[in-house]
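> Quick one: sequence plus predicted model below, questions after.
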Amino acid sequence: QVQLVESGGGLVQAGGSLRLSCAASGRTVSRYSMGWFRQAPGKERAFVAAINWSGGNTYYTDSVKGRFTISINNAKNTVYLQMTSLKPEDTAVYLCAATSRVFALTNPGRYDYWGQGTQVTVSS
């Protein structure tokens, strides 16, 4: 079992930055691929970024490439999502997820564990 707790969300103006954190407990994240997803009101959960445990490869949805960075601190058992140049369309609840799989990480159905989410609101 893995428990995930997100933090770092908030209200920010367009063009600003936030760093989301996802603290894992129960098992070390070094053996899990980690992903960030987001869900806006009335919309489906959407892939944002992922990093696989086997090689540290990172993946991003096109709309955040060059603006968001996913990283892992194995010593702290924490995964981060650094978000810069934020836009109003980035507004959503951001959720952290973990899986023992290393492929098809853009699919939310591939993840076994989920956090409760943290709200990110970007004002124009």
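Thanks, I have it. Since the structure is predicted, the reported quantities are computational estimates derived from the model, not experimental observations.

> need the contact list for Ile72.
By C-beta atoms under 8 Å, 6 or more residues apart in numbering, the contact list for Ile72 reads Val29, Ser30, Met34, Ile51, Gly56, Thr78, Val79, Tyr80. The C-beta positions use only the backbone N, C-alpha and C, and glycine is treated the same way.

> For the second one, give me its contacts.
It refers to Ser30. Ser30 sits next to Trp53, Ile72, Asn74 when contact means C-beta under 8 Å, 6+ apart.

> Give me the phi and psi angles of the most centrally placed residue in the chain.
Here the mean C-alpha position of the chain is nearest to the C-alpha of Trp36 (C-alpha atoms, centre = their mean), at a distance of 2.2 Å. Note on Trp36: backbone dihedrals following degrees, to the nearest 10 are phi -120, psi 130.

> Check what pLDDT it gets.
Looking at Trp36, its pLDDT reads 98.

> ok, the residue nearest to Thr99 when sequence neighbours are not counted - how many residues close by?
The shortest distance from Thr99 to any non-neighbouring residue, by C-beta to C-beta, 6 or more residues apart in numbering, is to Tyr111 (4.4 Å). By the measure other C-beta atoms under 10 Å, the count of residues near Tyr111 is 21.

> Offset the numbering so it begins at 855, please.
Got it, the first residue is 855 from now on, which makes the last one we talked about Tyr965.

> measure Tyr965 to Ser939 for me?
As judged by C-beta to C-beta, to the nearest Å, Tyr965 and Ser939 stand 27 Å apart.

> List only buried entries from the contacts of Ile926.
The neighbour-count test (16 or more other C-beta atoms under 10 Å) marks Val883, Met888, Ile905, Thr932, Val933, Tyr934 as buried among the contacts of Ile926.

> Looking at the residues you listed, which are in strands?
Counting by DSSP state E, those place Met888, Ile905, Thr932, Val933, Tyr934 in strands.

> So for the last one, what's the pLDDT?
Note on Tyr934: pLDDT of 96.

> Test my guess that it contacts Asn928.
No: Tyr934 is beyond contact range of Asn928, at 12.0 Å (criterion: C-beta atoms under 8 Å).

> out of everything not next to it in sequence, what's closest to the residue nearest to the centre of the chain?
Val902 (4.4 Å).

> Having no further points to raise, I will conclude here.
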